[in-house]
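*Asks:* need a 3D model of the following:
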Amino acid sequence: MSENMKRILVSLIGGPVILGSIYLGGVYFFIVVIVISLLSQLEFYNIAQQKNLKIYKYLGLLAGFALLCLYYLNREEYFLPAVLFISLLFLIIEIFSGRESPLLNTSLSVSGVIYPTLLIGTMYPLRQMDHLSGIPGLNLIVALLAGVWLCDTAAYYIGKAIGKHKLLPRVSPNKTWEGSAAGFIASLTAISSLKYYGFLGDSFTTVDIALLSLFTGVGGQLGDLFESLIKRDAGVKDSGFLLPGHGGFLDRFDALIFAAPLTYIYFIYFR
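*Replies:* Got it, this is the predicted structure:
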């Protein structure tokens, strides 16, 4: 089976599962967020281990799960003490481990809890913010995903077709300014269209359109670039193999790692 066929097959199976969980919300969407977050975290740790580091993989995954549960319980006020406790726990364990590279071991173990788990996890409270500021969480999550995935699609195909000017060749040699611009325009078009057809409601302002387009069309691409940077540093092509045709979960959801928390911060705390 060709890579394109694998990609299409995974999308046909995974797409309805994700969309169905978004529609149902609650525990159904939380389960999907857990799966995406923790498998992405596992892939991050596997990438880090390519640098011959001793990562506290299973303890990190347990800590990531605990933080995700705080989202589910609507107890975000405990994030800071939880992250502080987790960080101290890793540091104390490292003191007695006798392993080499203690600074990198502990830093990357803690980083895996935050990136990607804590950041992707922001999708759950966004979905549950029903009618906060007049915008249903269901509609906002759909707009977020539409902006991110249309940006990714446009950037890839337009960049491949007409891209001539390299964006950041040190980080990702195949990405171009033309593709990046097309991605942002696609995000802006998608979100503007959702607003025009009433999907985002009357209270969704021009500023909201501009910022959500920025979060998905620029923030999403930054998430993609950061993942490319760490893979390049570790000398790996794909973050994993669990999604045939797409690579790993981190490859597929890297844009959301930046776009989702930016959207969360704005709509939950500043709007």
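*Asks:* in what helix or strand does residue 82 lie?
*Replies:* helix 79-97 (DSSP states H and E).
*Asks:* neighbouring contacts of that helix?
*Replies:* Contacts with helix 79-97, where a contact means C-beta atoms under 8 Å, 6 or more residues apart in numbering, come from 54, 56, 59, 63, 66-67, 70, 102, 105-106, 109-110, 113-114, 118. C-beta: built from backbone N, CA, C; applies to glycine.
*Asks:* what's the PyMOL syntax to select whichever of the residues you listed are buried?
*Replies:* This is how PyMOL selects the buried members of these, with burial counted by 16 or more other C-beta atoms under 10 Å:
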select buried, resi 54+56+63+67+70+105+106+109+110+113+114+118
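*Asks:* helices and strands around the longest strand anywhere in the chain, which ones?
*Replies:* The longest strand of the chain (DSSP state E) is strand 172-176. Where contact means 3 or more C-beta pairs under 8 Å, 6 or more residues apart in numbering; DSSP states H and E, strand 172-176 is packed against helix 137-162, strand 166-168, helix 220-234.
*Asks:* OK, contacts around residue 37?
*Replies:* 64, 68, 116-117, 120-121.
*Asks:* who wins on neighbours among these?
*Replies:* Among the contacts of residue 37, the one with the most neighbours (other C-beta atoms under 10 Å) is residue 116, at 31 neighbours.
*Asks:* check contacts around that residue.
*Replies:* 37, 40-41, 44, 250, 253-254, 257.
*Asks:* among these, which ones are buried?
*Replies:* 37, 40-41, 44, 250, 253-254, 257.
*Asks:* show me where pLDDT drops low in this structure?
*Replies:* Within the chain, the segments meeting pLDDT under 70 span 1-4, 6-7, 131-133, 244-246.
*Asks:* helices along that one, start to end?
*Replies:* For the chain, the helices defined by DSSP state H cover 3-24, 26-49, 57-72, 79-97, 102-112, 119-120, 123-127, 137-162, 177-196, 206-214, 220-234, 249-264.
*Asks:* ok, back up a step: angle of the helix holding residue 82 against helix 102-112?
*Replies:* Put simply, helix 79-97 runs at 150 degrees to helix 102-112, going by axes from the mean of the first three to the mean of the last three C-alpha atoms, to 10 degrees.
*Asks:* buried stuff in helix 79-97?
*Replies:* Residues of helix 79-97 classed as buried by neighbour count (16+ other C-beta under 10 Å): 82-83, 86-87, 89-90, 94.
*Asks:* repeat for stretch 153-164
*Replies:* For stretch 153-164, burial by neighbour count (16+ other C-beta under 10 Å) applies to 154-156, 158-159, 163.
*Asks:* count the neighbours of residue 229 for me.
*Replies:* 14.
*Asks:* please apply the same query to residue 98.
*Replies:* 7.
*Asks:* that one and residue 87, how far apart?
*Replies:* Using C-beta to C-beta, to the nearest Å, residue 98 is found at 20 Å from residue 87.
*Asks:* swap in residue 253?
*Replies:* 25 Å.
*Asks:* how about residue 9?
*Replies:* 41 Å.
*Asks:* then residue 45?
*Replies:* From residue 45 to residue 87 the distance is 16 Å (C-beta to C-beta).
*Asks:* ok, residue 18 next?
*Replies:* 32 Å.
*Asks:* can you give me the neighbour number for the closest residue to residue 122 other than its chain neighbours?
*Replies:* Distance criterion C-beta to C-beta, 6 or more residues apart in numbering; nearest residue to residue 122, sequence neighbours excluded, is residue 264 at 3.7 Å. By other C-beta under 10 Å, 23 other residues sit near residue 264.
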